[in-house]
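Q: this one's structure only:
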């Protein structure tokens, strides 16, 4: 959640950024998605103990706080979070539902970014592409 295991377990804001970026991308996707925290790209469970939260509730509260801060309060309710055991390691499983509240933007002001899940990646969209995507996905959803 906070530690970069590739960089010898140092606290790294980039790790939090990756979590929130992925959540934002899933919110903007038609089907949402699932995010596993504490599992590497090869599927090996490392767990979240290194983050030192003391208990599972504090870890989940922290994740909720960074989503609230970087995307917005209403989107936290779109994220069903729980700690599950994988290979005897506690990991965080987040089921992100598609946004009910329109497009989810990461950040604020001039630093806003728009992400959409595309397969196994979450690319940042240009403003022009974001506008096209929003018109196509969210405007159509409102008409249904």
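A: Nice, thanks for sending it over. Computed from a prediction, not measured in an experiment: that's the story for all the values here.
Q: State the pLDDT value of the spatially most central residue of the chain.
A: Residue closest to the mean C-alpha point of the chain, counted by Cα atoms, centre = their mean, is residue 23 at 2.2 Å. We have a pLDDT of 98 for residue 23.
Q: and the gap between it and residue 88?
A: 26 Å (Cβ to Cβ, to the nearest Å). For every residue, glycine as well, the C-beta is placed using N, CA and C.
Q: sorry, back to before: the residue nearest to the centre of the chain looks like it's in a helix, true?
A: Yes: assessed with DSSP: H, G, I helix; E, B strand; the rest coil, residue 23 lies in a helix.
Q: wait, doesn't it sit right on residue 69?
A: No: in this structure, residue 23 is not within contact of residue 69 by Cβ atoms under 8 Å, at 11.9 Å.
Q: Could you measure from residue 129 over to residue 137?
A: Distance from residue 129 to residue 137, by Cβ to Cβ: 12 Å.
Q: Would you check that residue 98 makes contact with residue 75?
A: No: Residue 98 is beyond contact range of residue 75, at 10.9 Å (criterion: Cβ under 8 Å).
Q: By mean pLDDT, which helix or strand of this structure comes out lowest?
A: One helix or strand of the chain scores below all others by mean pLDDT, DSSP states H and E: strand 10-11, with a mean of 78.
Q: how distant is that strand from the center of its chain?
A: In this view, strand 10-11 has its centroid 19 Å away from the chain centroid, taken as Cα atoms, centre = their mean, to the nearest Å.
Q: packing partners for whichever helix in the chain runs longest?
A: Looking across the chain with DSSP state H, the single longest helix is helix 127-143. Applying 3 or more Cβ pairs under 8 Å, 6 or more residues apart in numbering; DSSP states H and E, we find helix 127-143 packed against strand 114-115.
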